[in-house]
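*Asks:* Quick one: sequence plus predicted model below, questions after.
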Amino acid sequence: MAGPAGGWSEPAPATSARSVLGGYRAYARRWVFLLVISLLSCSNATLWLSFAPVAGTIARHFLLSTEQLNWLSLVYLVVSIPSGVVAIWVLDSIGLRWATTLGTFLNFLGSVIRSMPSMVVSTQDPFVFLLGGQSICALAQTLVIFSPAKLAALWFPEHQRATANMIGTMSNPLGILVANLLSPILVKTEEDIPLMLGTYILPAGLTFLLATACLWESVPPTPPSVGAAQSTSLPFLAGLKLLTRNKAYITLAVCFGGGVGIFSSFSALLEQVLCVNGYSSEFAGLCGALFIMFGVLGAVALGLYVDRTKHFIEAVKIGLCLASLACVAFAVVSQLQGQTVVLAAVCSLLGFFGFAVAPVAMELAVECSFPVGEGAAAGLVFVLGQAEGVLIMVLLTSLTVRHAEPSVSTCRDGQGPLDWKVPMLLMAGLCVLFSCLLMLLFHTPYRRLQAEADASPSIQEDERPATAAALDHAPYLAATP
């Protein structure tokens, strides 16, 4: 049985013997690894959406059209589709340490390149540098966005996996929160844009230094659990082939991936949607901040709950259904004027239910596809989500029409405001569709938990009962074809 890159390789009898002898161990430095991945994910997300909260000012300063401005966010989705497959191979074959270090370097390099139009006075076409820098940062995103599932599986014991995945995954929306709050604060006029671009370089550089100095190995010397010892037991191509034949996994990837695409579009287009009806960029930033803030709170609560109960399926299905209701409410309320309190509440609920599902869905992807590598299982969900995000964002923006600028509009791109009524209703309809499909079609056993229950109980940092009791709550334990 092949272990993770740079990791263990032992036959199944040795795994059982190791458990009996108490050979499983959780190392304290796993938290350092989680810190680096979390900082990288947070920094990368701030770079992704740092332009969106101050879209009008950016457009005027660099003489960008609305389409060019949207591409500074959309390029993340486009680049991640082909590079995501390569990133999956890097994670499962080269190793988590080198994937993380490379990601921190690309993230830092991209942050510097996109700042060059403000550093070099004679820049002929600032859009080239802005888009180039964003593209390199997008490459870094593919190396970190589904790393938390891999890290949780390789370094953390069973009772901490969902929590570790939650911390790493929620660092990405936390970065979006920082961008929504910090960009409007830093950019009051066009002269403040160089300050904003330079500020976002600092955390990217710090993360690169931490990764270089503090990450020594991709896997711990001794695995923390049975699942970790059996991790990435299938070759890369064989694992991908197995995923394409797993109906439950495909259903989860399509439906949750669609949700990722919708939430990405929501974050990137929020300011443009709200300015038409008189809401300021500061209020749009506040709504984005509430969206993320309550999402992080929801993810913490749900992650701790799932770690104790292992109710992955129920949590994902109920969370997506409630998020769909909030999305419908936003589609309606966002087209009304003077509804600041209601809009803030709706954005909070949308984040609370929607973002809370993300880390649990990544864990569920690993559970229903075991023994396929965690990088492939979580990565294909992300890649498909980015592809769906591109289609959804292009579709939403193509359905907008310009109309005579009303007196209440606060849009500052120098052109007539866009009518977002039809695109927002379509977004809500897609969200409801994906939730219904997941409710009706998704059924799966918890394969990794079953494998760990079949083996001897692992001995870890903290004494915990075996996962067999948790499996009493897991439906469909019989293996599926």
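*Replies:* Looks like it came in fine. These numbers come from a predicted model, not from an experiment. Numbers count the residues shown, from 1 in each chain.

*Asks:* Every contact and neighbour count from this point should use C-alpha atoms.
*Replies:* Fine.

*Asks:* which sections of the chain are below the confidence cut-off?
*Replies:* 1-23, 120-123, 227-234, 403-407, 412-417, 455-481 (pLDDT under 70).

*Asks:* run the last query once more with 50
*Replies:* Residues of the chain meeting the criterion pLDDT under 50: 1-2, 8-21, 458-481.

*Asks:* Quick check: phi and psi at residue 337.
*Replies:* When read as degrees, to the nearest 10, the backbone of residue 337 gives phi -100, psi 150.

*Asks:* ok, residue 189 - how many residues close by?
*Replies:* By the measure other C-alpha atoms under 10 Å, the count of residues near residue 189 is 12.

*Asks:* ok, now which ones touch it?
*Replies:* With contact taken as C-alpha atoms under 8 Å, 6 or more residues apart in numbering, residue 189 is in contact with residue 57.

*Asks:* cool, residue 74 as well?
*Replies:* Contacts for residue 74 (C-alpha under 8 Å, 6+ apart) come out as 390, 393.

*Asks:* same check, this time on residue 369
*Replies:* 243, 246, 249, 377, 447.

*Asks:* can we see that at 10 Å?
*Replies:* 239, 242-243, 246, 248-249, 376-378, 444-448 (C-alpha atoms under 10 Å, 6 or more residues apart in numbering).

*Asks:* Next one: it from residue 386, what distance?
*Replies:* Using C-alpha to C-alpha, to the nearest Å, residue 369 is found at 20 Å from residue 386.

*Asks:* how about the strands in the stretch 351-481 of the chain?
*Replies:* 401-402, 418-419 (DSSP state E, counting those that start in this stretch).

*Asks:* Out of these, which is the most enclosed?
*Replies:* strand 418-419 (a mean of 20; mean count of other C-alpha atoms under 10 Å).

*Asks:* List the neighbouring strands of that strand plus their orientation.
*Replies:* In the sheet, strand 418-419 lines up against strand 401-402 (antiparallel) (DSSP bridges).

*Asks:* Would you mind giving the contacts of residue 369 as CSV with neighbour count and distance to residue 428 added?
*Replies:* Rendered in CSV, the data for the contacts of residue 369 read as follows (neighbours: other C-alpha atoms under 10 Å; distance: C-alpha to C-alpha, whole Å):
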residue, neighbour count, distance to residue 428
239, 19, 34
242, 16, 33
243, 20, 29
246, 15, 28
248, 20, 24
249, 25, 24
376, 29, 29
377, 29, 27
378, 26, 25
444, 22, 27
445, 21, 30
446, 26, 31
447, 21, 33
448, 21, 34
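
*Asks:* Relative to residue 294, which of those is nearest.
*Replies:* In terms of C-alpha to C-alpha, no member of those lies closer to residue 294 than residue 378, at 23.6 Å.

*Asks:* Tell me who's in contact with the closest one.
*Replies:* Per C-alpha under 10 Å, 6+ apart, neighbours of residue 378: 88, 145-150, 253, 359, 361-366, 369.

*Asks:* Look up how far residue 399 lies from it.
*Replies:* The spacing between residue 378 and residue 399, counted by C-alpha to C-alpha, is 32 Å.

*Asks:* do the same with residue 187
*Replies:* Per C-alpha to C-alpha, residue 187 is found 30 Å from residue 399.

*Asks:* Show me which of those two is the more surrounded one.
*Replies:* Under the criterion of other C-alpha under 10 Å, the comparison of residue 187 against residue 399 puts residue 187 first, with 19 against 15.

*Asks:* doesn't residue 194 make contact with the more buried one?
*Replies:* Yes: using C-alpha atoms under 10 Å, residue 187 makes contact with residue 194 at a distance of 9.1 Å.

*Asks:* follow-up on the earlier one: can you tell me which of the contacts of residue 378 is closest to residue 181?
*Replies:* Distances from residue 181 to the contacts of residue 378, taken by C-alpha to C-alpha, are shortest for residue 145, at 21.7 Å.

*Asks:* Leaving out sequence neighbours, find the closest residue to that closest one.
*Replies:* Residue nearest to residue 145 in three dimensions, not counting chain neighbours: residue 41, with 6.6 Å by C-alpha to C-alpha, 6 or more residues apart in numbering.

*Asks:* just residue 262 next, same as before
*Replies:* Spatial nearest neighbour of residue 262, excluding adjacent residues (C-alpha to C-alpha, 6+ apart): residue 389 at 6.2 Å.

*Asks:* Quick check: that neighbour vs residue 274, distance?
*Replies:* 20 Å.

*Asks:* Same question for residue 76.
*Replies:* From residue 76 across to residue 274, the span is 23 Å (C-alpha to C-alpha).

*Asks:* same check, this time on residue 374
*Replies:* 39 Å.

*Asks:* do the same with residue 37
*Replies:* 33 Å.

*Asks:* So those two - more neighbours on which side?
*Replies:* Counting neighbours by other C-alpha under 10 Å for residue 37 and for residue 274 shows that residue 37 has the greater number, 30 against 24.

*Asks:* Which helix or which strand is home to the more buried one?
*Replies:* Take DSSP states H and E as the rule and residue 37 turns out to sit in helix 30-49.

*Asks:* mind listing what's buried in that helix?
*Replies:* Across helix 30-49, burial judged by 16 or more other C-alpha atoms under 10 Å covers 30, 33-49.

*Asks:* after it, next one along is what?
*Replies:* Of the helices and strands lying after helix 30-49 in sequence (DSSP H and E), the nearest is helix 55-62.

*Asks:* So the residue nearest to residue 145 sits against residue 208, correct?
*Replies:* No: Residue 41 is beyond contact range of residue 208, at 11.9 Å (criterion: C-alpha under 10 Å).

*Asks:* Quick check: neighbours shared by these two?
*Replies:* Jointly contacting residue 41 and residue 208 under the rule C-alpha under 10 Å, 6+ apart are 103-104, 107.

*Asks:* can you list these in TSV and add secondary structure and distance to residue 216?
*Replies:* Below are the shared contacts of residue 41 and residue 208 laid out as TSV (DSSP: H, G, I helix; E, B strand; the rest coil; distance: C-alpha to C-alpha, whole Å):
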residue	secondary structure	distance to residue 216
103	helix	15
104	helix	15
107	helix	20
